[in-house]
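*Asks:* Could you work out the structure for the sequence below:
(one chain, ligands or ions: 1)
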Amino acid sequence: MLSTATKRIAPPKRLLYGPGPSMVEPAAYEAMSHPVLGIRDPHFLEIVGEIRQGLRELFGTTNRMTLPVPASGSGAMEAVVSNFVRPGSKVAVFAAGAFADRISIMAGRQRATVARLEKPWGEVFSASEAEEFIGRERPDIVAFVQAETSTGAYQSGRAIVPAARAAGALVIADCVTSLGAMPVELDDVGIDAAFSCSQKGLSCPAGLSPISVSQKAFELLEARTEELFTWYLDLRLMAKYFEPPHVYQHTPSPPLFYAMHAALASIEEEGIRNRWARHQRAGDRLVKGLVALGFEPLVRLPENRIWHLTTVKPPVGLNEADLRSRLLEKYSIEIAPGLGQLAGKILRIGTMGPLATDENVDFLLEALRACL
Ligand SMILES: Cc1ncc(COP(=O)(O)O)c(C=O)c1O
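*Replies:* Model prediction:
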């Protein structure tokens, strides 16, 4: 039996200042109440087509094979890894955070040999480190995380991709946190296959995760003769639905597509560069305010920081879990703890989408000050 007295749920209104899920764009909430349509309804297919075009613009690519996978970010990660990593492949992972670890685990489960270049969490990799590592390992695939949400470090990929290309390796990038809030620029950077999510920089609910695959990479995939271990995430099968004649593979969830369409429309209205700049300004303001309160940024150099996800060590003697509880109780504000080896050591604070404004940053800083 359902246990709520009225059989209707009433979740509290929270201010999601964490690493995701982030605040949902109001227009996206509204869009989700439109009627569900059939999977081949011309109106639905038009919406799907517009979403794919909007995503290409955010990814900075002309890749035809740009589409939303029916999953959270990890599902999109698994889609890319399970389609491109084959048994016996050598995968070189730039590992300085929990999500690079997740890629390594997934690649291992595809029976690949995984080589890792590790650095302390919060650091990024230089071009000379990338050249040495890739030159030594000669991998088939190079993987890196563009915005490592477990540490707050941003790595565009420009220091890594040239060495990968020189070695003839395919480049995979985790753009789960960067898409929609920071530059991704797949074509410019030279990334072959990228995956993201909906619940961070796009200001949507989780459940529909964009991926983008270059023509060259898709041709490699089509040339694979053996069956993949995965069926649901087989991009060759999935692409048959997204392209004419729209052959059924899985049942898409129209409300999530409507939400993504509305979120992309509002990003287009603002302009992606204006949106990046707004996130950068909010992030700078937040870091300044946090430093004034005695917090210390984990990522040392400002140019290596994710604009919309700030990671800080709390002042000595402050219990980060107690602080988070007080913020939630008194202000309905959610911020996040560290992950993995940084659990209990840092706080992760997101200023994404609607929260990336001076007023919302100042409100958070005031609340934090009152809860110290
Ligand atoms: C960089 C990165 N990659 C992958 C994921 C996994 O995404 P999800 O939690 O949506 O499965 C996350 C989630 O926080 C992330 O930040």
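*Asks:* in stretch 96-111, what counts as buried?
*Replies:* Buried residues in stretch 96-111, counting neighbours by 16 or more other CB atoms under 10 Å, are found at 96, 97, 98, 99, 100, 101, 102, 103, 104, 106, 107, 110. In short, each C-beta sits where N, CA and C put it, glycine included.
*Asks:* do stretch 163-172 as well
*Replies:* 163, 164, 167, 169, 170, 171, 172.
*Asks:* For the nearest residue to residue 345 once chain neighbours are set aside, give me its contacts.
*Replies:* Once flanking residues are discounted, residue 345 sits nearest to residue 338: 5.2 Å by CB to CB, 6 or more residues apart in numbering. The contact partners of residue 338, by CB atoms under 8 Å, 6 or more residues apart in numbering, come to 150, 311, 344, 345, 346, 347, 348.
*Asks:* Find me the pLDDT at residue 338, would you?
*Replies:* On pLDDT, residue 338 comes in at 98.
*Asks:* and the gap between it and the ligand?
*Replies:* Residue 338 sits 13 Å away from the ligand, going by CB to the nearest ligand atom, to the nearest Å.
*Asks:* burial measure for the closest residue to the ligand within the chain, as a count.
*Replies:* Minimum separation of the chain from the ligand (CB to the nearest ligand atom) falls at residue 73, amounting to 2.5 Å. Residues lying near residue 73 (other CB atoms under 10 Å) number 26.
*Asks:* That one contacts residue 210, doesn't it?
*Replies:* No - checked against CB atoms under 8 Å, the pair residue 73 and residue 210 is beyond contact range at 9.6 Å.
*Asks:* Identify the contacts common to these two.
*Replies:* 195, 196, 197.
*Asks:* near the ligand too, which of these?
*Replies:* Subset of the shared contacts of residue 73 and residue 210 in contact with the ligand: residue 197, counting by CB under 6 Å from any ligand atom.
*Asks:* In a markdown table, list the shared contacts of residue 73 and residue 210 along with secondary structure and distance to residue 326.
*Replies:* Formatted as a markdown table, the shared contacts of residue 73 and residue 210 follow (DSSP: H, G, I helix; E, B strand; the rest coil; distance: CB to CB, whole Å):
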| residue | secondary structure | distance to residue 326 |
| --- | --- | --- |
| 195 | strand | 36 |
| 196 | coil | 33 |
| 197 | coil | 29 |
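*Asks:* which one of the shared contacts of residue 73 and residue 210 is nearest residue 7?
*Replies:* Distance to residue 7, by CB to CB, is smallest for residue 197 among the shared contacts of residue 73 and residue 210, at 31.5 Å.
*Asks:* got the contact list for the closest one?
*Replies:* By CB under 8 Å, 6+ apart, the contact set of residue 197 is 20, 72, 73, 76, 176, 177, 179, 206, 209, 210.
*Asks:* These in strands, which ones?
*Replies:* Using DSSP state E, the subset of the contacts of residue 197 located in strands is 209, 210.
*Asks:* what about the residue lying closest to residue 152 once chain neighbours are set aside, how many neighbours?
*Replies:* In this structure, residue 152 finds its nearest non-sequential neighbour in residue 311, 3.2 Å apart by CB to CB, 6+ apart. Residue neighbour count, defined by other CB under 10 Å, stands at 30 for residue 311.
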